[in-house]
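In: next come a sequence and a model predicted from it.
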Amino acid sequence: MTPGPLQILLVILLVVLIFGASRVPGIAENLAKGIKSFKKGLKDEDDTPAPKIEKKDE
């Protein structure tokens, strides 16, 4: 179930009322940086090979 246009508008209005219009761009910028960092971390994790486990003969 996806939110409709009215619901999205209501959420945006509430965010502006709670945080103020001047702080919303800063919050959005920090959120975008966090998402980029998370995606970069996932990508870096996939690129690294798994460590090899060596068996020792007894």
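Out: Arrived safely, thanks for sending. Numbering: from 1, shown residues only.

In: now do the helices in the chain.
Out: 5-19, 24-47 (DSSP state H).

In: mind giving me a markdown table with these and columns for distance to Lys55?
Out: For the C-beta atoms, the positions are set from N, CA and C on the backbone; glycine is no exception. Formatted as a markdown table, the helices of the chain follow (distance: least, CB to CB, whole Å):
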| stretch | distance to Lys55 |
| --- | --- |
| helix 5-19 | 55 |
| helix 24-47 | 26 |
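
In: mean pLDDT lowest where, among these?
Out: Looking at the helices of the chain, the lowest mean pLDDT belongs to helix 24-47 (a mean of 87).

In: so how far is it from its chain's centroid?
Out: Relative to its chain's centre, helix 24-47 lies at 5 Å (CA atoms, centre = their mean, to the nearest Å).

In: what does that helix rub up against?
Out: 15-16, 19 (CB atoms under 8 Å, 6 or more residues apart in numbering).

In: coming back round to it: could I get the helices of the chain as TSV with mean neighbour count?
Out: Output for those, formatted as TSV (neighbours: other CB atoms under 10 Å):
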stretch	mean neighbour count
helix 5-19	11
helix 24-47	10
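
In: for Lys56, which of those is the nearest?
Out: When the helices of the chain are compared by CB to CB, helix 24-47 sits nearest Lys56, at 28.1 Å.
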